[in-house]
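>>> could you look at this predicted model? Sequence included:
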Amino acid sequence: MAEGQGRTGKEFQELENDLLTRAGRGDRAAFKALYERFQRPLFGFLMRMVRDQAMANELLNDVMLDVWRSAGNFEGRSSAGTWIFGIAHNKAISLLRRRREDQMPEDAADTIADDAATPDTTAEQADLGRVMQRLLDRLTPEHRAVLQLTYYQDMSVQEIASALDCPVNTVKTRMFYGRQRMRELLAAAGIQGVSA
C-alpha cells in the first residue's frame, strides 16, 4: 500500500506524532519526512500571514529549525501538526509586530487609503480564489490565522486553540469577527453568493 493510501486522519496524526518523537531523539530521516509533510502547508500558511514570499521562506526555515531543536520537548498533548503550526503562528505574529513597529509611525493609520475593489475591478478578476485571498489579507493577523487554520488546514476549534495557545472561546470569537469582516469585505467588493 502506498504511503497515505487508505489512512484515516487519526492514523496520519499518529504517524506525524511518531515522526516528531523520533526527530526529537535525533532521527534525521524522521525529521526529513516530517519536513516533507509540512513544507507546503506551512509555506502556504506563512505566505498568507506575511504576504511576502522571501519572508515566508525564511520563516519556514526558522520554524523547521525550531522544530528540529525542540522536537524532544514535544509531549503529545496536541497533534504534531498543531504543535508545528503553533510555532509557525508565533513566529509570523512576532515578525508582523516587528515589521509594524519598524515601518509604521503611530499616526500613519489615518493616512492609509481604502483600496477596496470597485465592482468593475472585481468583475475583471476571474479567479475568485485570488480575490478571496486578497480580502483575507485585509483581516487582522489574528483573524486571518484562525480562518486560515480552519479553512486551509481543516483544523478544529480545539486544535486551533492549542496551536495559537489561546482559549477555545477566543478562537470562536476571532472566527466570528473574522467571518463578519469577510462578509463586509465581500459585499464592498461587490461579490454576491459567497459565504464567509
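All right, it came through fine.
>>> and the residue nearest to the spatial centre of the chain, what helix or strand is that in?
In the chain, the residue lying closest to the centroid (Cα atoms, centre = their mean) is Phe45, at 3.5 Å. Secondary structure from DSSP states H and E places Phe45 in helix 28-50.
>>> return the backbone torsion pair for Tyr151.
Torsion angles at Tyr151 (phi, psi; degrees, to the nearest 10) stand at phi -90, psi -30.
>>> give me the number of residues near it?
12 (other Cβ atoms under 10 Å). Every C-beta, even on glycine, is put in place using the N, C-alpha and C of the backbone.
>>> what's the answer for the one 4 residues further on, then?
Applying other Cβ under 10 Å, we find 22 other residues in the vicinity of Met155.
>>> Three-state assignment for it, please.
Here Met155 is recorded as coil under DSSP: H, G, I helix; E, B strand; the rest coil.
>>> give the contact list for it.
By Cβ atoms under 8 Å, 6 or more residues apart in numbering, the contact set of Met155 is 81-82, 85, 149, 163.
>>> from Val171, how far out is it?
To Val171, Met155 is 10 Å away according to Cβ to Cβ, to the nearest Å.
>>> in TSV, list the contacts of Met155 along with distance to Lys32 and secondary structure.
Formatted as TSV, the contacts of Met155 follow (distance: Cβ to Cβ, whole Å; DSSP: H, G, I helix; E, B strand; the rest coil):
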residue	distance to Lys32	secondary structure
Gly81	17	helix
Thr82	21	helix
Phe85	19	helix
Leu149	25	helix
Ala163	23	helix
